[in-house]
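*Asks:* okay, predicted coordinates and the sequence, questions at the end:
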Amino acid sequence: MPPVFAHGRLRLYLLKLLDEAPRHGYEVIRLLEERFHGLYAPSAGTVYPRLAKLEAEGLVTHATEGGRKVYSITDAGRAELAGRGGELTDLEREIRESVSELASEIRDDVRGAAGKLRSEMRAAASETRRQDSSFADVKEELRRAKQEWKEQTRQARAEAQSARSEAKEFQRIAQQVQEQVQDRFARGDWPKGVWEGLSDITAQLGGLVTGVHAKGTAQQPQTPEQAASEWAKDHTPTGDPARDLDRLLDRFRDDIRDTARDHGVTPDQLATARGHLSTAADRITALLTPAQKDGQRGPAHGQGQERDRG
């Protein structure tokens, strides 16, 4: 921006203001600001030194009123002002032009600042929309994860319920087999009771192993009656109950091993089969072991438990 006053012009304008009326320094500064409509206000460091110089040249003088200097123009000052009338007219025109120029520059600055502010606001709004979109994506991802977690939890509960139902069903069947075997034993037909008990347990274990592989097909596991019938085809009593029991146990082991080899065994099936085998071993051992007077089992029962824990 060019200077408001060209060289020597501020000195001339100070003489004009003092020719209008005596004034103190602060009043001179305020009048200059009014003439420029608030767009320009000279500092005290600009005005007071020039007033002091004009006084040194004899163009102005001062009197102290209320502790402040009040400056007045002298005759010499009026003479110089009169001799520079044309220059003073040009100065007032320049002041008007300076005011117009200052106003234009301020308008440009305001427009530039407003444009920059609008750009920043648009950028901030765009960033806010982007963040809102990202936040919406995160919320949707969390919703899907929560839904998947609920579905997995539901499936786990269903599988646990199914496992509990299967365990209860096997306990029921095992209890039924035990009662049947005990009934045979009470009637003196204990070899057949043991054989039928092993047949039923074999059928149930075979169903547990093959049930997973047969799921979704028309194939169904053998019933206890069907399994017992298959065993009966190969069972020919020899008259030696101990030998017949060995044969039954061999057949029991071979059938379970063949089924496992044909269909495979999962860790869960192995754990379930281990429990069933332990139950079957305890019950058959109890069947074969005479009850002691103190209600304890004989050595054979203890050996079966040790075998299961191993």
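*Replies:* Looks like it came in fine.
*Asks:* can you show me the helices along the stretch 1-150 of the chain?
*Replies:* Applying DSSP state H, counting those that start in this stretch to the stretch 1-150 of the chain gives helices spanning 9-20, 25-35, 44-56, 75-83, 85-186.
*Asks:* highest average neighbour count across these?
*Replies:* Of all the helices of the stretch 1-150 of the chain, helix 9-20 has the most neighbours on average by mean count of other CB atoms under 10 Å, namely a mean of 18. C-beta coordinates here come from the backbone N, C-alpha and C atoms, glycine included.
*Asks:* keeping just the C-alphas, turn that helix into PDB.
*Replies:* The C-alpha trace of helix 9-20 is given here as PDB (Å, rounded to 0.1, in the frame of the first residue of the first chain):
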ATOM      1  CA  ARG A   9       2.200  16.700   3.000                       C
ATOM      2  CA  LEU A  10       1.400  15.600   6.700                       C
ATOM      3  CA  ARG A  11       3.200  18.800   7.800                       C
ATOM      4  CA  LEU A  12       1.000  20.900   5.600                       C
ATOM      5  CA  TYR A  13      -2.200  19.200   6.800                       C
ATOM      6  CA  LEU A  14      -1.200  19.700  10.500                       C
ATOM      7  CA  LEU A  15      -1.000  23.500   9.800                       C
ATOM      8  CA  LYS A  16      -4.600  23.300   8.200                       C
ATOM      9  CA  LEU A  17      -6.000  21.500  11.300                       C
ATOM     10  CA  LEU A  18      -4.400  24.100  13.700                       C
ATOM     11  CA  ASP A  19      -5.700  26.900  11.500                       C
ATOM     12  CA  GLU A  20      -9.200  25.700  12.100                       C
END
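*Asks:* let's number from 99 now, not from 1
*Replies:* Done: numbering now begins at 99, and the last item shifts to helix 107-118.
*Asks:* elements contacting it?
*Replies:* helix 123-133, helix 142-154, strand 158-163, strand 166-171, helix 173-181, helix 183-284 (3 or more CB pairs under 8 Å, 6 or more residues apart in numbering; DSSP states H and E).
*Asks:* angle of it against helix 123-133?
*Replies:* Regarding helix 107-118 and helix 123-133, their directions subtend 110 degrees when assessed with axes from the mean of the first three to the mean of the last three CA atoms, to 10 degrees.
*Asks:* what residues does helix 107-118 touch?
*Replies:* Outside of helix 107-118, the residues within contact range by CB atoms under 8 Å, 6 or more residues apart in numbering are 103, 121, 126, 129-130, 140, 144-145, 148-149, 151-152, 157-158, 169-171, 175-176, 178-179, 182, 185-186, 189, 192-193.
*Asks:* let's see it at 7 Å
*Replies:* Helix 107-118 is touched from outside by 121, 126, 129, 148-149, 152, 157-158, 169-171, 175-176, 178-179, 182, 185-186, 189, with contacts defined as CB atoms under 7 Å, 6 or more residues apart in numbering.
*Asks:* please apply the same query to stretch 225-239.
*Replies:* Residues contacting stretch 225-239 (CB under 7 Å, 6+ apart): none.
*Asks:* turn the helices and strands packed on helix 107-118 into JSON lines, columns for mean pLDDT and distance to T364.
*Replies:* Output for the helices and strands packed on helix 107-118, formatted as JSON lines (pLDDT from 0 to 100; distance: least, CB to CB, whole Å):
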{"stretch": "helix 123-133", "mean pLDDT": "88", "distance to T364": "96"}
{"stretch": "helix 142-154", "mean pLDDT": "91", "distance to T364": "96"}
{"stretch": "strand 158-163", "mean pLDDT": "92", "distance to T364": "112"}
{"stretch": "strand 166-171", "mean pLDDT": "92", "distance to T364": "106"}
{"stretch": "helix 173-181", "mean pLDDT": "91", "distance to T364": "116"}
{"stretch": "helix 183-284", "mean pLDDT": "76", "distance to T364": "13"}
